[in-house]
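Peer 1: Any chance you could fold what I've pasted below:
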Amino acid sequence: MKTIELDLTGCTYLDEIHERIRTAFDFPEWYGKNWDAFWDLLRSECDADMVIIKGESTLPKDFADSLKTMHRILDDNIEFRKSYGFAPFIYSITEK
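Peer 2: Numbering: from 1, shown residues only. As a prediction, this is how the structure comes out:
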């Protein structure tokens with residue numbers, strides 16, 4: 001099982017969140033740093049079975065909508081993999 005750890009601790013702007021996503025997921029330099037690009041590469045370039053997200057509670061409240069979008073995309077990936085018979089995908093949110 002391949003696991004990706006995405007540590008968002010202390011991010012202060014959206015571009016920083018996307019840079020951490022790019023690094024954690026080993027996305028290419030040309031990753032577009034937006035939610036559409038995240039969905040596209042998650043679906044086509046991510047071979048992880050699990051994503052562990054850390055540090056969400058350290059983010060400013062202004063990021064609430066962005067976090068909801070990220071969670072929705074991860075949920076969509078769960079359904080995408082199920083519908084096409086790919087290996088299961090899960091994610092968890094932790095502070096440790």
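Peer 1: Show the low-confidence segments of the protein, by residue range.
Peer 2: Within the chain, the stretches falling below the threshold (pLDDT under 70) are 96.
Peer 1: Please could you give me each C-alpha atom of the longest helix along the chain, formatted as CSV?
Peer 2: Taking DSSP state H as the criterion, the chain has its longest helix at helix 64-83. In CSV, the C-alpha atoms belonging to helix 64-83 read as follows (Å, rounded to 0.1, in the frame of the first residue of the first chain):
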residue,chain,number,x,y,z
ALA,A,64,-12.3,26.6,5.0
ASP,A,65,-13.7,26.6,1.5
SER,A,66,-10.5,25.4,-0.1
LEU,A,67,-10.3,22.5,2.4
LYS,A,68,-13.9,21.6,1.6
THR,A,69,-13.0,21.6,-2.1
MET,A,70,-9.9,19.5,-1.5
HIS,A,71,-12.0,17.0,0.5
ARG,A,72,-14.6,16.8,-2.2
ILE,A,73,-12.0,16.1,-4.8
LEU,A,74,-10.5,13.3,-2.6
ASP,A,75,-14.0,11.9,-2.1
ASP,A,76,-14.6,12.1,-5.9
ASN,A,77,-11.4,10.1,-6.4
ILE,A,78,-12.7,7.4,-4.0
GLU,A,79,-15.9,7.1,-6.2
PHE,A,80,-13.9,7.3,-9.4
ARG,A,81,-11.7,4.4,-8.5
LYS,A,82,-14.7,2.4,-7.3
SER,A,83,-16.6,3.0,-10.5
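Peer 1: what's in contact with it?
Peer 2: Here helix 64-83 makes contact (C-beta atoms under 8 Å, 6 or more residues apart in numbering) with 14, 17, 35, 38-39, 42-43, 46, 51, 56, 59, 86-91. Every C-beta, even on glycine, is put in place using the N, C-alpha and C of the backbone.
Peer 1: Buried subset of those as a ChimeraX selection?
Peer 2: Below is the selection syntax for ChimeraX that covers the buried ones among the contacts of helix 64-83, with 16 or more other C-beta atoms under 10 Å defining burial:
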select :17,35,38,39,42,46,51,56,59,89,91
